[in-house]
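*Asks:* Structure here, sequence nowhere to be found:
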């Protein structure tokens, strides 16, 4: 007859370590998928900006059906926008590219308000190119200084 030996405390610790590592890995995977899905509009805008295309209303549509698969490009007008971006195209977009699109949009809104004053535009662009601040940070500082 076989004698049953009680497992050592180290066996239990190793088991919990494996379970914990699996849970952490799963959480990282889910977080990455959610972060990418949440940023899909920014990635699409960055790709279009790189192509030199300014989309119009209804040229593309991003949808999330709340079925656990996340956001996706539901409609895409290839005649206007060119080929629909692949998953690899979307994954290749960096946060710096997304930030550049956000900065340009904010600068465009600001330009519309100041009627495109070239001196102010040049000063803001120069400061942003130096890498010290984003356009948004510069504009926030300017707005705080205004009466």
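*Replies:* Now that the structure is in, tell me what you want to look at. Everything numeric in this text was worked out from a predicted model, so none of it was measured. Numbers count the residues shown, from 1 in each chain.
*Asks:* out of everything not next to it in sequence, what's closest to the residue nearest to the spatial centre of the chain?
*Replies:* A centroid search over the chain (Cα atoms, centre = their mean) returns residue 39, at 3.6 Å, as the residue closest to the centre. Leaving out its chain neighbours, the residue that sits closest to residue 39 by Cβ to Cβ, 6 or more residues apart in numbering is residue 98, at 6.8 Å. All C-beta spots, glycine's among them, are computed from the backbone N, C-alpha and C.
*Asks:* Next secondary structure after the worst-scoring helix or strand of the chain on mean pLDDT?
*Replies:* Every helix and strand in the chain was compared by mean pLDDT, DSSP states H and E; the lowest is helix 9-38, with a mean of 62. Moving toward the C-terminus from helix 9-38, the next helix or strand (DSSP states H and E) is helix 40-51.
*Asks:* What residues of that following helix count as buried?
*Replies:* Residues of helix 40-51 classed as buried: 40, 42-49 (neighbour count, 16 or more other Cβ atoms under 10 Å).
*Asks:* Out of these, which comes closest to residue 60?
*Replies:* Using Cβ to Cβ, residue 44 is the member of those that sits closest to residue 60, with 6.7 Å.
*Asks:* ok, how many other residues are close to the closest residue to residue 49 other than its chain neighbours?
*Replies:* Distance criterion Cβ to Cβ, 6+ apart; nearest residue to residue 49, sequence neighbours excluded, is residue 101 at 5.1 Å. Neighbour count for residue 101, taken as other Cβ atoms under 10 Å: 20.
*Asks:* element containing residue 101?
*Replies:* Under the criterion of DSSP H and E, residue 101 resides in helix 95-113.
*Asks:* just to revisit the earlier point, any idea how far residue 140 is from the residue nearest to the centre of the chain?
*Replies:* Per Cβ to Cβ, to the nearest Å, residue 39 is found 22 Å from residue 140.
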